[in-house]
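[1] pasting the structure only:
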Ligand SMILES: NC(=O)C1=CN([C@@H]2O[C@H](COP(=O)(O)OP(=O)(O)OC[C@H]3O[C@@H](n4cnc5c(N)ncnc54)[C@H](OP(=O)(O)O)[C@@H]3O)[C@@H](O)[C@H]2O)C=CC1
Ligand SMILES: CC(C)(CO)C(=O)C(=O)O
């Protein structure tokens, strides 16, 4: 945070790093709430934001914002940085954030899957260790001081329909928590700022419970969506697919419980909630269709890695993740061949 203590009502200096589906959604909501929002973007997205700003279609209607945008981090020290790139892009993006980070800057990564900071101040058997699938060399842990991080779990669905244009038509919920579990003043301040921007925001002293809830949703649907091209309502609703979804869910629940996580949604409720999310194509399916790399390291491999530490078998999950990887590599090759 800036040197002077601020309240939720004061505008914050907020940088959104990565202005795709999630970054675009957050940038528009926070800018509309009066914060000083700047966006670190690149390529066609940067060009579109410079020309037309960002447009968000969500349950509030259509909202437009014109944040400062650049591909260089020349925005000065920020109060809050929301890092909204895919996990595989973190190694390229995080080191760029250094000029934006002061002693009191809060950095909130929004990634799905197991975060690189999972064991930071975890307090358990593996406290302080690395998650090799997402941060094999410890480069992410070095790029941003771990004590500047607050964890987040996003219960949001969003899609880029054109560069700078985002559609996000389910209700928005963000859960925030300190890796240590402390209900710190900075945690409550960030929560209040997000809530005041029209996004339901909760603070928790057990962020890893929420991480596991979301990890279970992601690992049971994202890779399977890539194999089947199924939407959420199909994956959760059609009996053949629902069977695979629930098998993966059961395996992942066992891993979560090995780490002491309390997941308060039972598999049947998961299925009901998921089906109600409608014809949404998971973010991983969207990536497949665009020939982009899939977030399988954070959503798949990292969970398998954590399972292995407690010798929890995940045969169905392993098979589904392998098949999704095969499909993903094939799609990338096809896109590359078409583009050549
Ligand atoms: N979409 C969803 O519904 C949800 C997504 N999430 C998670 O949120 C995270 C972000 O996902 P999402 O918004 O969908 O992803 P997108 O691919 O839509 O957006 C990511 C953006 O980050 C940009 N980016 C990556 N690296 C850099 C860089 N070095 N400099 C500038 N910009 C960069 C990308 O640019 P470029 O296009 O050029 O690659 C892209 O615009 C992911 O971890 C995802 O799993 C969580 C909940 C729901
Ligand atoms: C919508 C949901 C929960 C699907 O697993 C998601 O997070 C994604 O698409 O990445």
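    Cool, got the structure. This one's a predicted model, so the numbers in the text were calculated from it and none came from an experiment. Ligands and ions are numbered 1, 2, ... in the order given.
[2] let me see the ranges of the helices in the protein.
    In the chain, helices defined by DSSP state H lie at 21-32, 43-52, 90-93, 139-143, 185-196, 207-228, 232-237, 239-258, 267-276, 283-289, 296, 302-309, 315-339, listed in chain order.
[3] any part of the second one near ligand 1?
    Yes: counting by C-beta under 6 Å from any ligand atom, ligand 1 is contacted by helix 43-52 at 43, 45. (Each C-beta comes from the backbone N, C-alpha and C, glycine too.)
[4] which strands or helices does that helix pack on?
    Identification of packing neighbours for helix 43-52 by 3 or more C-beta pairs under 8 Å, 6 or more residues apart in numbering; DSSP states H and E yields strand 68-70.
[5] how far off centre is the strand it packs on?
    In terms of C-alpha atoms, centre = their mean, to the nearest Å, the centre of strand 68-70 is set 22 Å apart from its chain centre.
[6] residues in contact with that strand?
    With contact meaning C-beta atoms under 8 Å, 6 or more residues apart in numbering, strand 68-70 is reached by 19, 37-41, 46, 49-50, 75.
[7] which of those are buried?
    Among the contacts of strand 68-70, those scoring as buried are 19, 37-41, 46, 49, 75 (criterion: 16 or more other C-beta atoms under 10 Å).
[8] just the residues you listed: which are in strands?
    Judged by DSSP state E, the buried ones among the contacts of strand 68-70 include 37-40 as members of strands.
[9] a markdown table for those, including pLDDT and distance to residue 269?
    Listed next are those as a markdown table, based on pLDDT from 0 to 100; distance: C-beta to C-beta, whole Å:
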| residue | pLDDT | distance to residue 269 |
| --- | --- | --- |
| 37 | 98 | 36 |
| 38 | 98 | 39 |
| 39 | 98 | 36 |
| 40 | 98 | 38 |
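[10] out of the residues you listed, who's nearest ligand 1?
    Ligand 1 lies nearest to residue 40 out of those, by C-beta to the nearest ligand atom, at 5.2 Å.
[11] that closest one contacts residue 14, doesn't it?
    No: shown here, residue 40 and residue 14 do not form a contact pair, counting by C-beta atoms under 8 Å, at 11.4 Å.
[12] helices and strands around the one helix or strand in the chain whose mean pLDDT sits lowest, which ones?
    One helix or strand of the chain scores below all others by mean pLDDT, DSSP states H and E: helix 267-276, with a mean of 91. Contacts defined by 3+ C-beta pairs under 8 Å, 6+ apart place helix 267-276 against helix 207-228, helix 232-237, helix 239-258.
[13] now do the shortest one: distance to the chain's middle.
    On the basis of C-alpha atoms, centre = their mean, helix 232-237 sits 21 Å off its chain's mean C-alpha point.
[14] go on, stretch 305-313?
    Offset of stretch 305-313 from its chain centre (C-alpha atoms, centre = their mean): 23 Å.
[15] also stretch 183-191?
    With C-alpha atoms, centre = their mean as the basis, the mean position of stretch 183-191 lies at 19 Å from the chain mean.
[16] give me the mean pLDDT for that stretch.
    In this model, stretch 183-191 has a mean pLDDT of 98.
[17] how about stretch 317-333?
    Here stretch 317-333 scores 97 as its mean pLDDT.
[18] turn the contacts of strand 68-70 into TSV, columns for distance to residue 60.
    Shown next, in TSV, are the contacts of strand 68-70 (distance: C-beta to C-beta, whole Å):
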residue	distance to residue 60
19	19
37	16
38	22
39	19
40	24
41	22
46	25
49	20
50	24
75	26
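[19] what pLDDT does the residue in the stretch 51-200 of the chain positioned nearest to ligand 2 get?
    For the stretch 51-200 of the chain and ligand 2, the shortest gap (C-beta to the nearest ligand atom) falls at residue 157, measuring 4.6 Å. pLDDT recorded at residue 157 is 87.
[20] so residue 22 sits against residue 156, correct?
    Yes: if you go by C-beta under 8 Å, residue 22 and residue 156 touch, sitting 6.6 Å apart.
[21] neighbours of whatever residue of the stretch 1-150 of the chain ends up closest to ligand 1, how many?
    Going by C-beta to the nearest ligand atom, ligand 1 is nearest to residue 20 of the stretch 1-150 of the chain, at 1.8 Å. Number of residues near residue 20 (other C-beta atoms under 10 Å) recorded here: 22.
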